[in-house]
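1. Curious how this folds, go ahead:
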Amino acid sequence: MSSVHEGSNEPVVQALHRLDLNLLVALDTLIRERSVTRAAHIAGVTQSAMSHTLRRLRDVFDDPLLVRGKGGMLLTPRAEELAVPVRSGLVTLGRALAEPGSFDPKTARRTFRVASPDLFDALVLPSLLQRLGASAPGVDLVIGPAEASLEDDLETGEVDVAVVPFLAGGVTDAPSRSGLLRKVLFKDSFSVFARKGHPALRKGAMPLKAFVAASHLLVSPAGQGKGLVDMQLEPMGLSRRIALRIRHFHTAPPVLASSDLILTAPTSLRLITDPDQVVCMPPPFDVPNHSLALVWHERFSDDPAQRWFREQVAAVAPAP
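-> Numbers count the residues shown, from 1 in each chain. As a prediction, the model looks like this:
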């Protein structure tokens, strides 16, 4: 008769019996903070105690894990390898201990974390909050920009969902890791925005020559680099002057209304722009359309809470 444990994860479970699971909590904090001092502060212990924990972790994994480098502590390849599975396991375990198996939005106490562009936040948050307030009064939100670690954050559950732009005919800022799923929320185009009465306007439109000659506003979360418009102009042998870079779309309308700067941006920006102050028109050259998609990890596709939340976001997505 074969053993009941044959082909099971029993060796893994036995390995965990030999490991103080509190060490994994400390390892997760050390990996994320890359600092013994900051990790100790978060854990509420002394720096000496956290240093002792790091020594224990090094013995357990037979690896230095964190080493001193230029500008601070660096992760070894083994620590890099452990980062996602450890975080994923802790988040999953924490949720399992804190939440019942089913999800009832009327009684649930849950925080959802979303990574999204600020324009999407401005368009969607008022309606989403109103919807959640009526159907799920105990649900809280944490909204923030997408970080470089977005793919890891989605896999571990540190971020529940992300809103990501996709260009027609290609992908921009798109998670590429297998296991990430997406649902298109809405499709959008690009338009040129300028103050009413802008000197470059000709019968409500802006000719290409005037467009190139104007001073431009660029919304760039990174604060540097080329924009989509620059990449479209280059094959035509044209370039433009970017006179101002800002990080957030929601600050653009008042800047446009009080200056001669022009902005090429998603057409949906007009939903939060005063048409008496700023006009919206098609660009004088072809610019690819784009879509905004909801992205999540397949691990959470059947999670009742996450599935419900994705449905709420999709229900309030605008139709530009």
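2. quick one: A39 from H290, how far?
-> 40 Å (C-beta to C-beta, to the nearest Å). Bear in mind the C-beta positions are built from the backbone N, C-alpha and C, glycine included.
3. the more surrounded of those two?
-> Neighbour count, other C-beta atoms under 10 Å: between A39 and H290, A39 has more, with 25 against 21.
4. my guess is the more buried one meets D28, correct?
-> No - in this structure, A39 is not within contact of D28 by C-beta atoms under 8 Å, at 9.3 Å.
5. Low-confidence stretches in the protein?
-> 1-19, 95-101, 169-177, 223, 319-320 (pLDDT under 70).
6. Strands along that one, start to end?
-> 66-69, 72-75, 110-115, 139-144, 161-167, 180-188, 190-195, 215-219, 241-246, 262-266, 278-281, 290-297 (DSSP state E).
7. what's the closest of the ones you listed to L132?
-> strand 139-144 (5.2 Å; C-beta to C-beta).
8. Report all helices and strands that that closest one contacts.
-> When contacts are defined as 3 or more C-beta pairs under 8 Å, 6 or more residues apart in numbering; DSSP states H and E, strand 139-144 packs onto strand 110-115, helix 118-135.
9. Enumerate the positions of the last one that are buried.
-> Yep, that's helix 118-135 we're talking about. Across helix 118-135, burial judged by 16 or more other C-beta atoms under 10 Å covers D118, L119, F120, D121, A122, L123, V124, L125, L128, L132.
10. Tell me how far D286 lies from L201.
-> Relative to L201, and taking C-beta to C-beta, D286 is found at 20 Å.
11. what do you get for P126?
-> P126 is 31 Å from L201, by C-beta to C-beta.
12. So for R34, which of the strands of the chain sits nearest?
-> Comparison of the strands of the chain against R34 by C-beta to C-beta identifies strand 72-75 as nearest, at 4.5 Å.
13. Looking at D286 and L201, which one has more neighbours?
-> Taking other C-beta under 10 Å, D286 and L201 do not tie; L201 has more neighbours (18 against 9).
14. Go ahead and confirm the more buried one touches V279.
-> Yes - L201 lies in contact with V279 (C-beta under 8 Å); the separation is 7.3 Å.
15. and R182, what are its bridge partners?
-> V295 (DSSP bridges).
16. Next up, the contacts around it.
-> Contact analysis of R182 by C-beta atoms under 8 Å, 6 or more residues apart in numbering lists V164, F166, A293, L294, V295, W296.
17. And the contacts of the longest helix along the chain?
-> For the chain, the helix with the greatest residue count under DSSP state H is helix 77-98. Residues from elsewhere that reach helix 77-98, judged by C-beta under 8 Å, 6+ apart: 24-25, 27-28, 31-32, 61, 63, 65-66, 75, 152, 155-158, 299.
18. hmm, which of these are the buried ones?
-> 24, 27-28, 31, 61, 63, 65-66, 75, 152, 155-158, 299.
19. I'd like to know which of these are part of helices.
-> Secondary structure defined by DSSP H assigns L24, L27, D28, I31, F61, D152, E155, T156 of the buried ones among the contacts of helix 77-98 to helices.
20. quick check, nearest of those to H248?
-> D152 (24.8 Å).
21. Nearest residue to the closest one in space, please, no chain neighbours.
-> Nearest non-adjacent residue to D152, counting by C-beta to C-beta, 6 or more residues apart in numbering: V84, 5.2 Å away.
22. Burial check on the one you found, number of neighbours?
-> 17.
23. For it, give its distance to D63.
-> V84 is 16 Å from D63, by C-beta to C-beta.
24. what do you get for P253?
-> Where D63 is concerned, P253 sits at a distance of 52 Å (C-beta to C-beta).
25. likewise V163?
-> V163 is 37 Å from D63, by C-beta to C-beta.
26. what's A136 sitting at in phi/psi?
-> Here is the backbone geometry of A136 (degrees, to the nearest 10): phi -150, psi 70.
27. Kindly reformat the strands of the chain as TSV containing distance to P235.
-> Supplementary listing: the strands of the chain in TSV, determined by distance: least, C-beta to C-beta, whole Å:
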stretch	distance to P235
strand 66-69	42
strand 72-75	41
strand 110-115	32
strand 139-144	36
strand 161-167	16
strand 180-188	23
strand 190-195	17
strand 215-219	18
strand 241-246	18
strand 262-266	16
strand 278-281	22
strand 290-297	19
